[in-house]
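Student: the following comprises the amino acid sequence and a computationally predicted model.
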Amino acid sequence: MSAAACWFVNSASNAMEHEGQAIARGLRRRDPDLLDRLIERYHYRLYRYLLCLTGNRETAEDLFQETWIRVLERGRQYDPKSKFEAWLFAIARNLVIDLQRRRQPRFVDLLDSHAEEPELPESESRELFSALALVEQRETSEWVSAAMRNLPAAYREVLVLRFQEEMGLEEMAEVVSAPLPTVKSRLYRGLEAMRQMLEGGRA
């Protein structure tokens, strides 16, 4: 890596760390102005994520409000070394899981990270990145959204985080509270299902 590239990466990293510390300080003070800015910044993305997980606008709106209440209540728990959006989405995800458990106590939650996916064999792990490349090369965001509605919740979730929220694998693992191999496995299997739709002409 060139000296200029190293400088750019370090500068970006320092800026992210500085922002995380500023957010952490504001949350500890329960700064209303900070909360307003965060809600404005993440409003669309957070609501879209909740709508994807719940499939219901009213439920997504209720959980959206509850998420920000939790942000205020648990602001002191935010670690500025982590991206705020990963922490925010993890709170929202846990609220979805809690709601599903209350509504359907016997339902085995497909979003629950305790339901581990088998680790990918090395050959499939390599193919994950070719599958990612195939989908990323297509300017088909509408197709991606339509195809994801037919996927199991656990696969749909990681695809939303990857393609709509543009999170890296490590951030995704933080959101879903699952090991990196589990995230890779879910992403691979979701992509494989979507690739079959694409190749089958159902996009």
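Tutor: Arrived safely, thanks for sending.
Student: what helices or strands is the host helix or strand of H43 leaning on?
Tutor: Secondary structure from DSSP states H and E places H43 in helix 32-54. Secondary-structure packing of helix 32-54 (3 or more CB pairs under 8 Å, 6 or more residues apart in numbering; DSSP states H and E): helix 3-29, helix 57-73, helix 84-103, helix 153-159. No exception for glycine: its C-beta is placed from N, CA and C like everyone else's.
Student: with distance to R45 as new columns, can the ones you listed be given to me in JSON lines?
Tutor: Compiled in JSON lines, those are given as follows (distance: least, CB to CB, whole Å):
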{"stretch": "helix 3-29", "distance to R45": "16"}
{"stretch": "helix 57-73", "distance to R45": "11"}
{"stretch": "helix 84-103", "distance to R45": "8"}
{"stretch": "helix 153-159", "distance to R45": "14"}
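Student: turn those helices into CSV, including mean neighbour count, mean pLDDT and distance to M197.
Tutor: Shown next, in CSV, are the helices and strands packed on helix 32-54 (neighbours: other CB atoms under 10 Å; pLDDT from 0 to 100; distance: least, CB to CB, whole Å):
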stretch, mean neighbour count, mean pLDDT, distance to M197
helix 3-29, 12, 65, 36
helix 57-73, 16, 95, 25
helix 84-103, 18, 91, 25
helix 153-159, 23, 87, 12
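Student: return the residues in contact with M172.
Tutor: Applying CB atoms under 8 Å, 6 or more residues apart in numbering, we find M172 in contact with 158, 161-162, 183, 187.
Student: now do 10 Å
Tutor: 86, 89, 157-162, 165, 178, 180, 182-184, 186-187 (CB atoms under 10 Å, 6 or more residues apart in numbering).
Student: again with V175
Tutor: Counted by CB under 10 Å, 6+ apart, V175 has contacts 49, 83, 85-93, 113, 157-158, 161, 165, 167, 183.
Student: in what element of secondary structure is it found?
Tutor: Element membership of V175, judged by DSSP H and E, is helix 169-176.
Student: quick one: list the elements packing against the helix or strand following that helix.
Tutor: Next in sequence after helix 169-176, counting helices and strands by DSSP H and E, comes helix 180-199. Packing partners of helix 180-199 (3 or more CB pairs under 10 Å, 6 or more residues apart in numbering; DSSP states H and E): helix 122-136, helix 141-148, helix 153-159, helix 169-176.
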